[in-house]
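In: sequence and predicted structure below; questions after.
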2 protein chains.
Amino acid sequence: MDLKTYFYKQTLDHFNYGPQSYATFKQKYVINFKYWGGANSSSPIFAYLGAESPLADDLQNLGFLSANAPHFKALQVYIEHRYYGKSVPFGTMEEAMKNESTRGYFNSAQAIADYAELLIHIKEKFSAQNSPIIVIGASYGGMLASWFRLKYPHIALGALAASAPILYFDNITPQNGYYSIVTKDFKEASKSCYETIRRSWSEIDKVASKRNGLSILSKKFKTCEHLNSSTELKDYLEEVYSVAAQYNDPPDYPVTVVCRGIDGAPNGTDILGRIFAGIVAYNKKSSCYDTNLYRYPTETNVGWRWQTCSEMVMPIGRGINDTMFPPSPFNLDQFIKDCKSTYGVPPRPHWVTTYYGGHDIKLILRRFGSNIIFSNGLRDPYSSGGVLEDISQSILAVSTVNGSHCLDVLLPDQSDPSWLVEQRNKEVEIIDGWIAKYYADLLV
Amino acid sequence: MDLKTYFYKQTLDHFNYGPQSYATFKQKYVINFKYWGGANSSSPIFAYLGAESPLADDLQNLGFLSANAPHFKALQVYIEHRYYGKSVPFGTMEEAMKNESTRGYFNSAQAIADYAELLIHIKEKFSAQNSPIIVIGASYGGMLASWFRLKYPHIALGALAASAPILYFDNITPQNGYYSIVTKDFKEASKSCYETIRRSWSEIDKVASKRNGLSILSKKFKTCEHLNSSTELKDYLEEVYSVAAQYNDPPDYPVTVVCRGIDGAPNGTDILGRIFAGIVAYNKKSSCYDTNLYRYPTETNVGWRWQTCSEMVMPIGRGINDTMFPPSPFNLDQFIKDCKSTYGVPPRPHWVTTYYGGHDIKLILRRFGSNIIFSNGLRDPYSSGGVLEDISQSILAVSTVNGSHCLDVLLPDQSDPSWLVEQRNKEVEIIDGWIAKYYADLLV
């Protein structure tokens, strides 16, 4: 293979000079040299900034890097985010997450400082001082990429921030932004499907309130384990619809799949029967359906829960009748209370906008900063918190009406629709422009 | 008086979510409301970012704010730097500096995060969301001001960074930059004065090596206490010349004063007699001269020593015969060793350039960032590490050939030379432009 794995001795605490902060941990990064034009020609470095998961085994899937490395003659660098995968301080994720002190270093400011230190190290290691670095990230990683360009312009020449909801903090984006788009996606796929879902929640409650209601529901939905509450079922369904909308990718378009199941149930099928038919269509036939599917303590779930309960407080909620879901307003006071009871310390809900900004972003960045692409698919629920309009001549929004979450950074495929191909081409063209300007500046 | 003092409950550690980081300390800030046009007219806020000393009692002396507040209708805010004055965590400076853990939070990244949090608080407190903030700092505080604009553009619209040697890190500026300018200042004031000083060091060594040599020197220089070594005397003289050059302010011009003393000694006065005459001229007549003057453990000395021994590692040194001083090369390895033995932890000499940049600054900031004035007086030894050329249309250098350290931010005086008046006017004009553009943008 062309991938080579390294470990960097990373500083645990970049912002403290006490003895404990001199502790280090091993941070994993992977390099693909295959297409690199080399340091002598100042060929670029594409750095994928890891997010809330271990670095994938199959990095090929991070298509923006692998597909475009030949064109750019780029060195491909993939860096794992602290506290995930093989880059966990204090030995293991369990150990690191166990107590309040060891968890404290797990935040985005430390993570992008890791990237800064490591990218400087990589440039030195390969004598690539003049190679421009483009940072690339998706979702939370996309936020990190855009913030990295803003905070460390001397390290990254530019950033591709895919599906980065950097405006989903404080009150910048309406709370119901996320679920409004999920709702819109379903409504656009099928009005009747949307109506069925909208009416299903009270049906579930009605059945659940019966004697043996939970048994009836468990049987009806073929749950792998007996339901403990109707909330369990409703949360599961909410997740299915959200995930389907978020990853409503071609060629299958999961929202369409779910709705085909719901709408396609035989005449006379009742609401819950239709809902179940949607689940079956989405999951393919199965002997049972696991309503705990989205709750397992994977590294991503464990890590991201902490991150959202400390720093990345995204106020995602729903009001009454403003989506196809039952109301579930985001209540900051309650949220703080819950996090505090789980983790012992309260979150700092306003720190993200204090450190990175977000309010009045057009006013602020119109005359500050450069070289960021905010890419979004407008069917992605997270696009509600994304940057959807150009801010300046080089802080640009590249959106697709039909796109979903992080679609543009995935590996290109023969079957890709033309709007997706165009989005990716546009991104490449913009980055080409940044690099050409950089080379010209380098000669001045 | 028009000054009102406040204390803000500041976060001890902005970059950690462990329980210890939730500790807070009281941070002092002072506001002068007298000339403020108010929130309704979005009148600006001028924020002085404190540096390595307690906030002065006489804030009036920070002339750039007090002199220009009427013109700008500006709110004047003065913020004290953490670990100085009344803004010391852990009770007292002594307590805070006593051990390795309590010292760890004493660094610039935490300090500018304090300013960020506090300025947002002030905007909320006075409902001044639309009031643009201009941050102003001098020397180390000037570095903080320019870095603040770069890191927190959503909080500060612009920065006046007076005499900020942001390039005196790593190997960006030649080690001997500082002492070369001291030397040049003396040479320009008087060739013979410069020659006398240049030749004095070996004279001191010669006398010191005699039997009773230190007694002879102590008497000759009327030292308040008997000299323990010739180094004590040489260090003192070096400081006198450096301070005279750094603060070579009109109308007195201390370098000229010293040289007048040296050159004006009666014919036949030997070298050391002339050097002493320079000291007498500089200090005015005194019964004795305190060679420990610059070594007392003032807050500034204690605090800044730690800051330079942890984060703000400025490699200031001298080679052989490249200045009027004896050689004293900056040896990074030795420096690290010394700091480690003093403080228990080694400095991180490359962190400043990792976090804030500095290398290739023209290449980097040419197309990134905006609204920074780097002002310098070219007779200021620290100007050797300053930004002396315009970087872009709004990252500008405003230098004066005859200026000294931070002169432009002091209170204007009738006797000010025209080049100083012009420098200040130019700064005001530039800031006027930023604010006008901001108001225009606000209406878009």
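Out: Now that the structure is in, tell me what you want to look at.

In: give me the mean pLDDT for the longest helix anywhere in chain A.
Out: Longest helix of chain A, by residue count under DSSP state H: helix A:418-443. Per-residue pLDDT over helix A:418-443 has a mean of 98.

In: please tell me how far the residue most central in space within chain A sits from chain B.
Out: When Cα atoms, centre = their mean is applied to chain A, the residue found nearest the centroid is A:S139 (2.7 Å). Per Cβ to the nearest Cβ, to the nearest Å, A:S139 is found 21 Å from chain B. Just so you know, the C-beta spots here come from the backbone N, C-alpha and C atoms, and that holds for glycine as well.

In: return the residues of the stretch 1-150 of chain A in contact with chain B.
Out: A:13-22, A:100-107, A:109-110, A:113, A:116-117, A:120, A:150 (Cβ under 8 Å from any Cβ of the partner chain).

In: now the buried members of the residues you listed.
Out: Buried subset of the residues of the stretch 1-150 of chain A next to chain B (neighbour count, 16 or more other Cβ atoms under 10 Å in any protein chain shown): A:13-18, A:20-22, A:102-107, A:109-110, A:113, A:116-117, A:120, A:150.

In: from the residues you listed, which ones fall inside helices?
Out: A:102-103, A:109-110, A:113, A:116-117, A:120, A:150.

In: downstream of the helix or strand containing A:K337, the next helix or strand is which one?
Out: A:K337 is part of helix A:332-343 when elements are defined by DSSP states H and E. Next helix or strand after helix A:332-343 toward the C-terminus (DSSP H and E): helix A:351-356.

In: next one: that next one, is it in contact with chain B?
Out: Yes - shown here: helix A:351-356 in contact with chain B (Cβ under 8 Å from any Cβ) through A:351, A:353-356.

In: just the C-alpha atoms of that helix, please, in PDB.
Out: Below are the C-alpha coordinates for helix A:351-356, written out as PDB (Å, rounded to 0.1, in the frame of the first residue of the first chain):
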ATOM      1  CA  TRP A 351     -17.000  29.600  24.300                       C
ATOM      2  CA  VAL A 352     -17.200  28.500  20.700                       C
ATOM      3  CA  THR A 353     -18.400  31.900  19.600                       C
ATOM      4  CA  THR A 354     -16.000  33.600  21.900                       C
ATOM      5  CA  TYR A 355     -13.000  31.800  20.500                       C
ATOM      6  CA  TYR A 356     -14.000  31.300  16.900                       C
END
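
In: which bits of the stretch 151-300 of chain A sit near chain B?
Out: Proximity of the stretch 151-300 of chain A to chain B is confined to A:151-155 under the rule Cβ under 8 Å from any Cβ.

In: what's the longest helix of chain A packed up against?
Out: helix A:63-72, strand A:133-138, strand A:158-162, strand A:372-377, strand A:395-400 (3 or more Cβ pairs under 8 Å, 6 or more residues apart in numbering or on different chains; DSSP states H and E).

In: direction included, what does the fourth one pair against?
Out: For strand A:372-377, the paired strands and their directions (DSSP bridges) read strand A:158-162 (parallel), strand A:395-400 (parallel).

In: quick check: which of those is buried the most?
Out: Highest mean neighbour count among the strands paired with strand A:372-377 (mean count of other Cβ atoms under 10 Å in any protein chain shown): strand A:158-162, with a mean of 30.

In: if we look at it, which residues are touching it?
Out: A:64, A:132, A:134-139, A:142-143, A:145-146, A:148-149, A:370-376, A:406, A:408-409, A:427, A:431, A:434 (Cβ atoms under 8 Å, 6 or more residues apart in numbering or on different chains).

In: just to revisit the earlier point, give the buried residues for the longest helix of chain A.
Out: A:420, A:423-424, A:426-428, A:430-431, A:434-435, A:437-438.

In: starting at the chain centroid, how far to that helix?
Out: 23 Å (Cα atoms, centre = their mean, to the nearest Å).

In: and what of stretch A:245-253?
Out: Worked out by Cα atoms, centre = their mean, stretch A:245-253 lies 15 Å from the chain centre.

In: just the CA trace of it, in PDB.
Out: What follows is stretch A:245-253, C-alpha atoms only, in PDB (Å, rounded to 0.1, in the frame of the first residue of the first chain):
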ATOM      1  CA  ALA A 245     -31.900  12.800   5.500                       C
ATOM      2  CA  GLN A 246     -28.400  13.600   6.500                       C
ATOM      3  CA  TYR A 247     -26.900  10.900   4.300                       C
ATOM      4  CA  ASN A 248     -29.500  11.100   1.600                       C
ATOM      5  CA  ASP A 249     -26.800  10.200  -0.900                       C
ATOM      6  CA  PRO A 250     -27.100   9.100  -4.600                       C
ATOM      7  CA  PRO A 251     -27.700   6.700  -6.100                       C
ATOM      8  CA  ASP A 252     -30.000   5.300  -3.400                       C
ATOM      9  CA  TYR A 253     -31.400   8.400  -1.700                       C
END
